[in-house]
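> can you look at this prediction? I've put the sequence above it.
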Number of protein chains: 2
Amino acid sequence: MPATPHVEAHFTAPESVRDVVIGMSDGLTVPFALAAGITGAVATNPHASALVVTAGFAEIAAGSIAMGLGGYLAARTDLEHYASEREREVRETVELRDVEVEEVAKVFRDYGLTETEMAPVVTAITSNQNSWVDFMMRFELGLEEPQPKRARISALTIAMSYVVGGLIPLAPYMLLSNVQTGLWWSVGVTLLALAVFGWVKGRFTGINPIKGGLQTVVTGGLAAAAAFLIAKLISYK
Amino acid sequence: MPATPHVEAHFTAPESVRDVVIGMSDGLTVPFALAAGITGAVATNPHASALVVTAGFAEIAAGSIAMGLGGYLAARTDLEHYASEREREVRETVELRDVEVEEVAKVFRDYGLTETEMAPVVTAITSNQNSWVDFMMRFELGLEEPQPKRARISALTIAMSYVVGGLIPLAPYMLLSNVQTGLWWSVGVTLLALAVFGWVKGRFTGINPIKGGLQTVVTGGLAAAAAFLIAKLISYK
């Protein structure tokens, strides 16, 4: 029998890391791809650089707000959904007591326990309404209680990460007057940033960092290539 | 005791509905906001409509690929994460058997059971390695087994929903030669689409449909207003 304490190194990324990943992976990818696409379409326009930067900032504003507010509303919906399901379970432990007791018993019957063996467990779980409902939420519905107050922090983290990610591909277009040179620097800087980001993300989510880096580079590269080609195909002469 | 079967009407949206919601809420919002933003910046340009449509299509290509591939990779990561955590638990039930048995016992001790009462339950759960590991995955880690093969369908559903959503705000700019008229029609058509979408989404996620409709309209409207203002502020003369 081990005498030393046993610490399990299961990976559970803090939610804030998840939010940074959500915001930054889209922030690095979509404004990058859009800027590349517009460059393909307007390269001969005398205001090409300004157009690319304008569209890029409009996209960053739109994308960060849409994702941030989207994250906020999703977190709120999760909270409301959990609360309403919990309320229903609480009601059912009163109104449909026998059915709900039987649902607890079924969990243990499925593990092969006899009625005599499971009786004390079922009694213990159902004797406290709060822990009984917790048990049902987890076992019957597979729902975990969301952290309240996460919604606002989550929204801000996602939005800010999107803005930070989006400024990286735009910086070369702002610093260089030639839009073609800007494009190549943007491609280089962004693919590098995507590789670093994917590597770090891999470390956090437990997948191979090299694989993680490759995944984000390929995603960003494909999105940019598609945007570039489509914009070039339909661009005005 | 109730003799009629008891069917619990808990809401669990099918994952495909969730994917449509993810793709379409961003598809309706970001290309809409971007097109509005670019209109604000280039309204006096003779090629304004073509520019807006080009940027819009580039955004739809970039956004749908980024979101679709992002969804694919997220689903794959979930699968790999579940598999690697499960493998670790399987290993631990062999190598750290006593510790893992104690972790099962702790769950029931927390429900107030005595050692004698819980003994048969702990024995039953730990007698079958498979159900033992299932129990640990669910109770210790709160992880549910993801459906395999979801990744590809999920990616396609998200991407297609993004494309469908994104074409709605762009259609007026394609059909009308005047970019200002296009903008007003785009605002009208898209806010209507956002309201309908939010209402339907509310029905599916169990929140009030009117509230759901308002939420998506406000999100899309704020994103578009911000993109419009930012593009107008930094637009080239």
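Everything's here; your move.

> just how off-centre is the helix or strand where residue A:36 lies within its chain?
In the assignment (DSSP states H and E), residue A:36 maps to helix A:15-42. In terms of C-alpha atoms, centre = their mean, to the nearest Å, the centre of helix A:15-42 is found 14 Å from the chain centre.

> what of stretch A:228-237?
Remark: stretch A:228-237 is offset 31 Å from the chain centroid, using C-alpha atoms, centre = their mean.

> which stretches of chain A aren't confidently modelled?
Counting by pLDDT under 70, the ranges of chain A that qualify are A:1-14, A:206, A:235-237.

> any part of the helix or strand harbouring residue A:85 near chain B?
Using DSSP H and E, residue A:85 maps to helix A:48-95. Yes - interface with chain B: helix A:48-95 contributes A:50-51, A:53-55, A:57-59, A:61-63, A:65-67, A:69-70, A:73, A:77, A:80-81, A:84-85, A:88, A:92 (C-beta under 8 Å from any C-beta of the partner chain). All C-beta atoms are positioned from the backbone trio N, CA, C, and that covers glycine.

> give me the buried entries from the residues you listed.
A:50-51, A:53-55, A:57-59, A:61-63, A:65-67, A:69-70, A:73, A:77, A:80-81, A:85, A:88, A:92 (16 or more other C-beta atoms under 10 Å in any protein chain shown).

> chain neighbours aside, what residue packs nearest to the residue most central in space within chain A?
Geometric centre of chain A, nearest residue: residue A:22, 4.1 Å, by C-alpha atoms, centre = their mean. Using C-beta to C-beta, 6 or more residues apart in numbering or on different chains and skipping residues adjacent in sequence, the residue nearest residue A:22 is residue A:158, 5.4 Å away.

> ok, the one you found - contacts?
By C-beta atoms under 8 Å, 6 or more residues apart in numbering or on different chains, the residues touching residue A:158 are A:19, A:20, A:22, A:23, A:64, A:67, A:68, A:71.

> report the separation between it and residue B:16.
According to C-beta to C-beta, to the nearest Å, residue A:158 and residue B:16 sit 24 Å apart.

> before we move on, what about residue A:68?
From residue A:68 over to residue B:16 the distance is 25 Å, taken as C-beta to C-beta.

> what about those two, which has more around it?
The neighbour count for residue A:68 versus residue B:16, taken as other C-beta atoms under 10 Å in any protein chain shown, is higher for residue A:68 (26 against 14).

> isn't that one right up against residue A:153?
No - between residue A:68 and residue A:153 there is no contact under C-beta atoms under 8 Å: 10.9 Å.

> list the contacts for residue A:194?
Residue A:194 makes contact with A:28, A:29, A:213, A:216, A:217, A:219, A:220, A:221, according to C-beta under 8 Å, 6+ apart.

> and the helix holding residue A:85, what does it pack against?
In this structure, helix A:48-95 packs against helix A:15-42, helix A:97-109, helix A:129-139, helix A:150-175, helix A:179-205, helix B:15-42, helix B:48-95, helix B:209-234, with contacts taken as 3 or more C-beta pairs under 8 Å, 6 or more residues apart in numbering or on different chains; DSSP states H and E.

> excluding chain neighbours, what is closest to residue A:133?
Residue A:133 sits nearest to residue A:89 (C-beta to C-beta, 6+ apart), 4.8 Å away.

> and the spatially closest residue to residue A:178 that is not a sequence neighbour, how many neighbours does it have?
Excluding the flanking residues, the one nearest residue A:178 by C-beta to C-beta, 6+ apart is residue A:49, at 7.5 Å. Using other C-beta under 10 Å, residue A:49 has 23 neighbouring residues.

> residue contacts, residue A:227?
Going by C-beta under 8 Å, 6+ apart, residue A:227 touches A:33, A:34, A:36, A:37, A:40, B:58, B:59, B:61, B:62, B:65.

> kindly report the same for residue A:222.
Contacts of residue A:222 (C-beta under 8 Å, 6+ apart): B:65, B:69.

> swap the cut-off to 6 Å and go again
By C-beta atoms under 6 Å, 6 or more residues apart in numbering or on different chains, the contact set of residue A:222 is residue B:65.

> in CSV: the contacts of residue A:227, plus distance to residue B:233.
Converted to CSV, these look like this (distance: C-beta to C-beta, whole Å):
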residue, distance to residue B:233
A:33, 23
A:34, 19
A:36, 24
A:37, 23
A:40, 25
B:58, 22
B:59, 20
B:61, 27
B:62, 23
B:65, 29
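
> from these, which is closest to residue A:120?
Nearest to residue A:120 among the contacts of residue A:227 is residue B:65, at 56.3 Å by C-beta to C-beta.

> wait, the closest one touches residue A:224, no?
No - between residue B:65 and residue A:224 there is no contact under C-beta atoms under 6 Å: 8.9 Å.

> who's sitting farthest from the centroid in chain A?
Here the centre of chain A is the reference, and by C-alpha atoms, centre = their mean the most remote residue is residue A:116, at 45.8 Å.

> report the buried residues of the helix or strand encompassing that one.
If you go by DSSP H and E, residue A:116 is part of helix A:115-127. Neighbour counts over helix A:115-127 (16+ other C-beta under 10 Å) mark A:117, A:118, A:120, A:121, A:122, A:124, A:125, A:126 as buried.
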